[in-house]
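# got a structure for you, letters missing:
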DNA sequence: CCTTCATTTAAGTAATTACTTAATTACTTA
DNA sequence: TAAGTAATTAAGTAATTACTTAAATGAAGG
């Protein structure tokens, strides 16, 4: 859950779009994939990057895997950003 | 100055380290390079990515080029992040 | 069980990115 | 104006990343 992993995860347009979708509620991997032109395995790989960065978590329900935003980690990024408004301390 | 360019620029560890250095004051390209193990042209390329993303700006003084943080753009990122704390509106 | 559906894993490829060294541009000063 | 320094541009390469298709896993329902 390094800050590097976090920024790397956020650096891809498709992954940010996935996060955008999840803002409105949890979704299955398949439903997420429907919003993209890329293959299901492609999406699955993006989801795994987001999961490893703790930006989302996954829970299984029957044969479906639901993905959910983990909004706590966004605060990590926020903290990093905030440094650059309060110039040159610490 | 797209949000994509911005996140791409922030996704590299060395570029984030450059931004960290600039928090404490403007620096020349050469002085920045001294803090890294990579070549000067390598740093120059990173600086150009940061400049294109509007994260820094450059001004020339004699034969030196000074780089300076452009803290206003961080607010763009901030805005993007904030969405994920206030779930599912807009 | 066997089939179907949802998802992931595996393996390969194409595109992108981060670096390198060599050459070039721009400025300064003897 | 020649020599030295700072920085960038150019061109090539190695490493990484984003995708693809095919195969494997796992749960659901006849």
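In hand now; what should we look at? Here the structure is a predicted model, which is why all the values come from computation and not from measurement. Numbers count the residues shown, from 1 in each chain, chains lettered A, B, ... in the order given.

# Packing partners of the helix or strand of chain A with the lowest mean pLDDT?
The helix or strand of chain A with the poorest confidence is helix A:74-82; it has a mean of 92 (mean pLDDT, DSSP states H and E). With contacts defined as 3 or more Cβ pairs under 8 Å, 6 or more residues apart in numbering or on different chains; DSSP states H and E, helix A:74-82 has these neighbours: helix A:3-10, helix B:74-82. Every residue, glycine included, has its C-beta placed from N, CA and C.

# Distance from the chain centre to the helix or strand hosting residue A:58, please.
Residue A:58 is located in strand A:56-61, with elements delineated by DSSP states H and E. Computed by Cα atoms, centre = their mean, to the nearest Å, the separation of strand A:56-61 from the middle of its chain amounts to 13 Å.

# residues in contact with the following helix or strand past it?
Using DSSP H and E, the helix or strand that follows strand A:56-61 in sequence is strand A:64-69. The contact list for strand A:64-69 (Cβ atoms under 8 Å, 6 or more residues apart in numbering or on different chains) reads A:18-19, A:22-23, A:26-30, A:32, A:47, A:50-51, A:55-60, B:84, B:87.

# Those residues: which ones sit near DNA strand C?
A:28, A:29, A:30, A:47, A:58 (Cβ under 7 Å from any atom of the strand).

# Let's see which of those end up in strands.
Counting by DSSP state E, these place A:28, A:58 in strands.

# Turn the ones next to DNA strand C among the contacts of strand A:64-69 into CSV, including neighbour count, distance to residue B:75 and pLDDT.
As requested, these are exported to CSV (neighbours: other Cβ atoms under 10 Å in any protein chain shown; distance: Cβ to Cβ, whole Å; pLDDT from 0 to 100):
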residue, neighbour count, distance to residue B:75, pLDDT
A:28, 15, 35, 98
A:29, 15, 34, 98
A:30, 13, 36, 97
A:47, 20, 29, 98
A:58, 15, 32, 97
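
# Show me which of the ones next to DNA strand C among the contacts of strand A:64-69 is closest to DNA strand C.
residue A:30 (2.0 Å; Cβ to the nearest atom of the strand).
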